[in-house]
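# Here's my sequence, what's the structure:
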Amino acid sequence: MSFRIIVFAKQVPDTTEVRVDPIKGTLIRDGVKSIMNPEDKNALEVALQLKDKYGAKVTVITMGPPSAEAILRESYAMGADEAVLITDPLYAGSDTWVTSMILAKAAQMMGFDLILTGRQAIDGDTAQVGIEIAEHLKIPVIAYAVDLKIEGERVIVTRELDNTYEVVSTRIPCLVTCTKELNKPRYMRVENIFGCFDRPISIFNNSVLKFDKNEVGLVGSPTKVRRTFTKGPKEQGTIFNGTADEAAELILSKLKAEKLISEQ
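As a prediction, the model looks like this:
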């Protein structure tokens with residue numbers, strides 16, 4: 001069996017101290033080291049495992065500034081077959097909906113049997129883009145994968161829920177979002193590291209994707225950030241002493257006094 005897999009990967013800041021432009025509401029990336037989003041690397045790893053087993057062709061696509069080429073070089077060093085960089089000043093500031101629309105069109109142009117993404121990016125934590133890509137493409141989506149298998153024309157996924165796991169199956173083409181529990185990404189191979197800088201990277205700008213300028217970027221994004229702020233520390237909690245029964249009575253009294261529960 002041979003099929004085509006697209007992995008969407010994102011370049012993200014390698015820091016938990018994310019700064020936000022107070023005017024535009026967008027991330028400030030200048031001066032911050034960037035990496036491949038961790039769960040996107042899990043998605044790439046499962047794609048490479050399928051390549052090793054079935055001979056699949058793996059294409060990695062990222063959208064971002066020209067510097068995002070670095071994670072595509074890393075993808076080549078890990079074993080990817082093809083790389084695409086979507087970059088255009090018109091796309092700057094795109095929200096999740098517009099980003100997913102752009103990525104979906106690129107996938108449509110490339111052709112695919114299976115699309116893999118990370119569950120979410122560490123700089124936004126929305127977990128929206130992968131699911132929205134599937135919506136644009138009108139294909140099935142299975143989110144939060146912790147295990148993935150291919151059987152014939154079907155993808156079988158064990159997905160993580162809040163307090164349990166669920167096994168879901170669907171026919172390809174489809175999209176699966178991947179969690180860090182799915183696998184442990186491989187290291188780059190030394191021989192690939194030396195060769196990855198000679199590998200071609202296709203550039204998709206708006207002359208290729210052909211969106212109206214009012215559909216993309218900040219202008220085309222329906223999500224508007226009105227204000228950003230750092231959440232303050234929680235207030236000190238209340239400690240209830242005594243036996244378990246005494247503590248329970250004190251807690252009930254407190255909740256009733258605050259009218260959080262009724263007297264009945």
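# Please make it C-alpha for all contacts and neighbour counts, starting now.
Fine.
# is it fair to say residue 146 lies in a strand?
Yes: according to DSSP: H, G, I helix; E, B strand; the rest coil, the state of residue 146 is that of a strand.
# Verify the stated contact: it with residue 178.
Yes: counting by Cα atoms under 8 Å, residue 146 touches residue 178, with 6.8 Å between them.
# Looking at those two, which one has more neighbours?
Taking neighbours as other Cα atoms under 10 Å, residue 146 and residue 178 compare with residue 178 leading, 31 against 19.
# OK, contacts around that one?
39-40, 42-43, 116-119, 143-146 (Cα atoms under 8 Å, 6 or more residues apart in numbering).
# Can I get those residues in JSON lines including pLDDT?
Listed next are the contacts of residue 178 as JSON lines, based on pLDDT from 0 to 100:
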{"residue": "39", "pLDDT": "95"}
{"residue": "40", "pLDDT": "95"}
{"residue": "42", "pLDDT": "96"}
{"residue": "43", "pLDDT": "97"}
{"residue": "116", "pLDDT": "97"}
{"residue": "117", "pLDDT": "96"}
{"residue": "118", "pLDDT": "94"}
{"residue": "119", "pLDDT": "91"}
{"residue": "143", "pLDDT": "95"}
{"residue": "144", "pLDDT": "95"}
{"residue": "145", "pLDDT": "95"}
{"residue": "146", "pLDDT": "96"}
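# quick check, nearest of those to residue 163?
Taking Cα to Cα as the measure, residue 163 lies nearest residue 144 of the contacts of residue 178, at 12.8 Å.
# From residue 159, how far out is that closest one?
Remark: distance between residue 144 and residue 159 (Cα to Cα, to the nearest Å) = 5 Å.
# Parallel or antiparallel, list what pairs with the host helix or strand of residue 176.
If you go by DSSP states H and E, residue 176 is part of strand 174-178. For strand 174-178, the paired strands and their directions (DSSP bridges) are strand 114-118 (parallel), strand 141-151 (parallel).
# can I get the CA coordinates of that strand in CSV?
The C-alpha coordinates for strand 174-178 follow below in CSV (Å, rounded to 0.1, in the frame of the first residue of the first chain):
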residue,chain,number,x,y,z
CYS,A,174,-9.4,12.0,6.7
LEU,A,175,-7.6,14.2,9.2
VAL,A,176,-6.3,13.1,12.6
THR,A,177,-5.0,15.4,15.3
CYS,A,178,-2.2,13.9,17.4
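# Endpoints of stretch 188-199, how far apart?
Chord length of stretch 188-199, first to last residue, is 15 Å (Cα to Cα).
# Now that stretch: average pLDDT?
What stretch 188-199 shows for mean pLDDT is 87.
# got it, and stretch 243-255?
Averaged over stretch 243-255, pLDDT sits at 86.
# Flag every buried residue along it.
Buried positions in stretch 243-255, judged by neighbour count with 16 or more other Cα atoms under 10 Å: residue 252.
# is it true that residue 52 lies in a strand?
No: per three-state DSSP, residue 52 lies outside any strand segment and is helix.
# So for it, what's the pLDDT?
Per-residue confidence (pLDDT) for residue 52: 93.
# Repeat that for residue 233.
pLDDT recorded at residue 233 is 74.
# quick check, it in a helix?
No: secondary structure of residue 233 (three-state DSSP): coil, not part of a helix.
# Look up how far residue 206 lies from it.
For residue 233, the distance to residue 206 equals 44 Å [Cα to Cα].
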